[in-house]
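1. Give me the fold of what follows.
(one chain, ligands or ions: 1)
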Amino acid sequence: MKLIFSPASPFVRKVRIAAIELGLIDKIEFVPITLAPGQTNDAYVRDINPLKKLPALILDDGEVIIDSYVIVEYLDDLAGGGKLIPASGPARWKVKSDHSLLQGMLDSMLLCRYEKMVRPQGLRWQAWFDDHWHRVWQGMARFDKQGDALSRPIDIVQIGLVCVLGYADFRFADCGWRKAYPNLGAFNEKMLTRHSVKVSLPPAA
Ligand code: BEZ
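-> Numbers count the residues shown, from 1 in each chain. The predicted structure is shown next:
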């Protein structure tokens, strides 16, 4: 299998952590690509993902799987199922719903990054930035109160959450999430003792 990736992407980091935790990392060849707003990236958009998002997993038979959640679910299935995403029952729906919240938080963080650091100064829209950052902040508040999500054995929610926090440190270093959310701070420290989380940290900003 080949994973098309960018080292800075928190969505890619999620898949990388999952692959290590599932014991599948050696089965994946990592293929770097640079996708940027304003660049056409014609071949990628035509052959891999018309949405121009990362990561994408290319299977040995040429089939393409897009979306970090779907890729993690595929890898989980390959590893026997039910390892990072509960296979059935109420826990499955809770984990999927919590993960959707985390995915939305990452989407909003990316919009904030583009608004604050990429869009030309005169075109920036502060209210749009504030609205999306508020979503991220409220999401963090919700997880800070979820003792069970922070302390149970590793799953896709914990992986997604550590990717949100890592991306906050990477691109919004002065946002102060540790001070506002001490339970998340403790959770992050505990997660950083895992090899998968440590080796996948974003590159120096
Ligand atoms: C970043 O540089 O922040 C970034 C790069 C790729 C995907 C998402 C974010």
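
2. Can you report how many residues lie near residue 158?
-> By other Cβ atoms under 10 Å, 26 other residues sit near residue 158. For every residue, glycine as well, the C-beta is placed using N, CA and C.

3. Going forward, count from 19.
-> Yes, from this point I'll number from 19; that puts the last item at residue 176.

4. That one and the ligand, how far apart?
-> 20 Å (Cβ to the nearest ligand atom, to the nearest Å).

5. helices or strands next to the host helix or strand of that residue in the packing?
-> Per DSSP states H and E, residue 176 falls inside helix 174-189. Counting contacts by 3 or more Cβ pairs under 8 Å, 6 or more residues apart in numbering; DSSP states H and E, helix 174-189 is packed against helix 28-39, helix 86-96, helix 108-131, helix 144-162, helix 165-169, helix 200-209.

6. so for it, what's the average pLDDT?
-> Helix 174-189 shows a mean pLDDT of 98.

7. Show me what that helix is in contact with.
-> Residues from elsewhere that reach helix 174-189, judged by Cβ atoms under 8 Å, 6 or more residues apart in numbering: 26, 28-29, 31-32, 35-36, 39, 87, 90, 94, 102-103, 113, 116-117, 120-121, 123-124, 127, 131, 135, 154, 157-158, 161, 167-168, 170, 193, 195, 202, 205-206, 209, 215, 219-220, 223.

8. hmm, 7 Å instead?
-> Residues outside helix 174-189 that contact it (Cβ atoms under 7 Å, 6 or more residues apart in numbering): 28, 31-32, 35-36, 90, 102-103, 113, 116-117, 120-121, 123-124, 127, 131, 161, 167, 193, 195, 202, 206, 209, 215, 219-220, 223.

9. From these, list the buried ones, please.
-> Listed as buried from the contacts of helix 174-189 are 28, 31-32, 35-36, 90, 102-103, 113, 116-117, 120-121, 123-124, 127, 131, 161, 167, 193, 195, 202, 206, 209, 215, 220; burial here means 16 or more other Cβ atoms under 10 Å.

10. Centre of the chain to stretch 51-63, how far?
-> Remark: stretch 51-63 is offset 20 Å from the chain centroid, using Cα atoms, centre = their mean, to the nearest Å.

11. mind checking the end-to-end distance for that stretch?
-> Distance across stretch 51-63, first residue to last, is 12 Å (Cα to Cα, to the nearest Å).

12. same check, this time on stretch 179-199
-> 13 Å.

13. Check which residues of that stretch are buried.
-> Applying 16+ other Cβ under 10 Å to stretch 179-199 flags 179-186, 188-190, 193, 195, 199 as buried.

14. Give the buried residues for the worst-scoring helix or strand of the chain on mean pLDDT.
-> Using mean pLDDT, DSSP states H and E, helix 165-169 stands out as the lowest-scoring helix or strand of the chain, at a mean of 92. Across helix 165-169, burial judged by 16+ other Cβ under 10 Å covers 167, 168.
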